[in-house]
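*Asks:* mind looking at a prediction? Sequence and model below.
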Protein chains: 2
Amino acid sequence: MSELNSVKIVGAGLIGTSIGLALKRKDIEVWLEDNSETNLRLAIEYGAGSGAIQNPPQLVIVCLPPDKTAAQVAEELQNHPEAIVTDVASVKTSILTELKTLAADTSRYIGGHPMAGRERGGAIAAQADLFFARPWIICSDQENTEALYKLRALIRLTGATPVEMSYEQHDRAVALTSHLPQLLSSILAGELLDQDSQDISLSGQGLRDMTRIANSDPELWTQILSKNASSLAPLMRSIADRMNEAAEQIESLANGGGLRGVYQLLTNGNDGASRIPGKHGGKNRGYQTVVVMVDDQAGELARLLQEIGSVGVNIEDLRLEHSPGAQIGLAELDVLPESYEKLASELVELGWRLA
Amino acid sequence: MSELNSVKIVGAGLIGTSIGLALKRKDIEVWLEDNSETNLRLAIEYGAGSGAIQNPPQLVIVCLPPDKTAAQVAEELQNHPEAIVTDVASVKTSILTELKTLAADTSRYIGGHPMAGRERGGAIAAQADLFFARPWIICSDQENTEALYKLRALIRLTGATPVEMSYEQHDRAVALTSHLPQLLSSILAGELLDQDSQDISLSGQGLRDMTRIANSDPELWTQILSKNASSLAPLMRSIADRMNEAAEQIESLANGGGLRGVYQLLTNGNDGASRIPGKHGGKNRGYQTVVVMVDDQAGELARLLQEIGSVGVNIEDLRLEHSPGAQIGLAELDVLPESYEKLASELVELGWRLA
């Protein structure tokens, strides 16, 4: 099989333009297409590709919103009978089903999902290294080794990490790890709409963490959620059932019952959370946390960061916590247990107050 | 009314011992009591108080778990007929109700709730500045100005910020901002228990944020949740209803219906999230985010922190994001819009890759 050296990208948004930029860095011929003349011109000016290429594309990548993906994939399969066609939609089974409905030649189609992106969209936010070190799912139910080979080549060129799974597993996995948290966050944040603002002013870091992704784009997410209904709806109903169950248990606690159920729910939460891989895809490594108090004066945090830098300990994670109504913040520094003592004592020596 | 100069603290755990340390710094007489001889000795060695004091206490602070609080408050009211008695339980109405059942003299009781604490508990984790700049709720339904005066004096001595609200409002507010997020996080994390670990390996920052507080102590939280059932259960049922509603809408989307409902749910999430106060209790100020790619080599993050320090821009918030399976991290730096250009260009000049 030949090297990958000519690619067509349909859709010059954040993902399409970023792929183009990554490929151009490796001297791949990139043919860009977009319905919007403005988008297209911007992406070409960025250096993400050209309006035409000399050779026929070996691989076509459809980078459109989920509801436009299948029809475009079908069209590309028809227009480029020698090419492999892939897409980047964050739902996969529904795209394959639509393609079959459209009687497309799916033997040359292979589903993909680069797990990268940012809150900002459009060609203007594109970056050649958007995919660097991120997983890029390959949905590989089929036997077409050329499709697999071409998509793997593309993924390697962007610096992403290929991860193979079936269409069904992909949709099940993103329902659990991405779509369900999105819905819960949106519903929880929506609960704040009609509440007293003094009540809301007691919000701490917990509620803030829980509602961060509630800021996502409603239009895009309506599409994503709607196209993964069969994986997502059962999870949603399971959460709703547990919520109702817990409400009953909590109420019966007042009468001495239900205690074991609530305790079990909280323990399950402990155990479930510990299954989420930490850094490097491994298990959480049980970091220790140094908490530093930072006066909210210009330059104080900068000074702390500089002094942490000078201590030379590797910081595994870092969070800032703001106290409501106060001119002070807490910087929480996660380090390996063996580094804890060194960081803590050096910071104290440098005059920082640890909490 | 006299100054506050003699205090009794019952319960030498994290909160009690921390209060003692804060008061001793201000030369207040502190009498410590604890059922556990070991706890008590440790707290006294720490310098949080003594096993006895010369003057009768003007204020008694009960720092026990919620299920032991009311009985102890009643006992202290009886044993110290001249003293004001307060507590630190994170639920308030149920304590007051229990006190009335116990026929305690509630005219000398005033409820309090310092909104501070850490994942680690016990005297060993105590810190004199645990409460510094944190809100400390005063539940002030009553007319007893001396109780209010004494509790305010205590709060000022610890460096916390007094916030007055009724017992009912306190419980409603913490149900919304603390107890409901806790339950949701635990239930979501619990959902991971029986799932395929390759599915879970796709977890990104969204799910990590949503399950951080699922690591809380099940025993303490069973008590807290059970004592706030009347505020909490309706919120839980509302979330469950919306979840079921959304599941139906998502399923009917596949048939062309329900789209408006899901879109509305996501938009409500946007709007609700924007009601959470950011830094300093004000509205979120619309920061801009500079994203820096950091190779995961010892010292690389430290070097970034040091160089950010040297740029001299005030960082409002900072998050680290780890790419699963990759030797790279992303550092997200939130800055005021007017500082964005400076930070971004100086970091690029220093050789950092921005994403």
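*Replies:* Alright, I've got the coordinates.
*Asks:* how many neighbours does residue A:105 have?
*Replies:* 12 (other Cβ atoms under 10 Å in any protein chain shown). The way it works is simple: take the backbone N, C-alpha and C, and place the C-beta from them, glycine included.
*Asks:* what about it, distance to chain B?
*Replies:* Distance, residue A:105 to chain B, using Cβ to the nearest Cβ, to the nearest Å: 25 Å.
*Asks:* setting aside sequence neighbours, what's the nearest residue to residue A:166?
*Replies:* residue A:141 (5.4 Å; Cβ to Cβ, 6 or more residues apart in numbering or on different chains).
*Asks:* the helix or strand harbouring residue A:225 packs against which elements?
*Replies:* Element membership of residue A:225, judged by DSSP states H and E, is helix A:218-226. If you count contacts as 3 or more Cβ pairs under 8 Å, 6 or more residues apart in numbering or on different chains; DSSP states H and E, helix A:218-226 packs onto helix A:66-79, helix A:180-190, helix B:229-253, helix B:259-273.
*Asks:* who are the neighbours in contact with residue A:344?
*Replies:* A:290, A:354 (Cβ atoms under 8 Å, 6 or more residues apart in numbering or on different chains).
*Asks:* and for the one 4 residues further on?
*Replies:* Under the criterion of Cβ under 8 Å, 6+ apart, the neighbours of residue A:348 are residue A:354.
*Asks:* dihedrals phi and psi, residue A:127?
*Replies:* Recorded main-chain torsions at residue A:127 are phi -150, psi 140, according to degrees, to the nearest 10.
*Asks:* likewise for residue A:134?
*Replies:* According to degrees, to the nearest 10, residue A:134 has phi -90, psi 150.
*Asks:* that one and chain B: what is the separation?
*Replies:* In terms of Cβ to the nearest Cβ, residue A:134 sits 6 Å off from chain B.
*Asks:* wait, that residue touches residue A:115, no?
*Replies:* Yes: applying Cβ atoms under 8 Å, one finds residue A:134 in contact with residue A:115, separated by 5.4 Å.
*Asks:* and the two? Which one has more around it.
*Replies:* For residue A:134 versus residue A:115, neighbours defined as other Cβ under 10 Å are more numerous around residue A:134 (24 against 20).
*Asks:* quick one, what contacts residue A:179?
*Replies:* Residue A:179 touches A:224, A:225, A:228, A:231, A:232, counting by Cβ under 8 Å, 6+ apart.
*Asks:* and the pLDDT at the fourth one?
*Replies:* By that I understand residue A:231. At residue A:231, the predicted lDDT confidence score is 95.
*Asks:* contact partners for it?
*Replies:* Counted by Cβ under 8 Å, 6+ apart, residue A:231 has contacts A:93, A:171, A:172, A:174, A:175, A:179.
*Asks:* burial of residue A:73, as a residue count?
*Replies:* For residue A:73, using other Cβ under 10 Å, the count is 29.
*Asks:* and the closest residue to residue A:107 other than its chain neighbours, how close does it get to chain B?
*Replies:* Nearest residue to residue A:107 in three dimensions, chain neighbours excluded: residue A:144, at 5.8 Å (Cβ to Cβ, 6+ apart). When distance is defined by Cβ to the nearest Cβ, residue A:144 is 23 Å away from chain B.
*Asks:* dihedrals phi and psi, residue A:144?
*Replies:* phi -70, psi 100.
*Asks:* helix, strand or coil for the residue in the stretch 1-150 of chain A positioned nearest to chain B?
*Replies:* Chain B sits closest to residue A:133 of the stretch 1-150 of chain A, with a gap of 3.2 Å, by Cβ to the nearest Cβ. For residue A:133, the assignment made with DSSP: H, G, I helix; E, B strand; the rest coil gives coil.
*Asks:* again with residue A:289
*Replies:* strand.
*Asks:* contacting residues for it?
*Replies:* Contacts of residue A:289 by Cβ under 8 Å, 6+ apart are A:332, A:333, A:334, A:335.
*Asks:* which among these gets closest to chain B?
*Replies:* residue A:334 (8.7 Å).
*Asks:* who does the one helix or strand the closest one maps to pair up with?
*Replies:* In this assignment (DSSP H and E), residue A:334 forms part of strand A:328-335. Strand partners for strand A:328-335, identified by DSSP bridges, are recorded as strand A:288-295 (antiparallel), strand A:317-322 (antiparallel).
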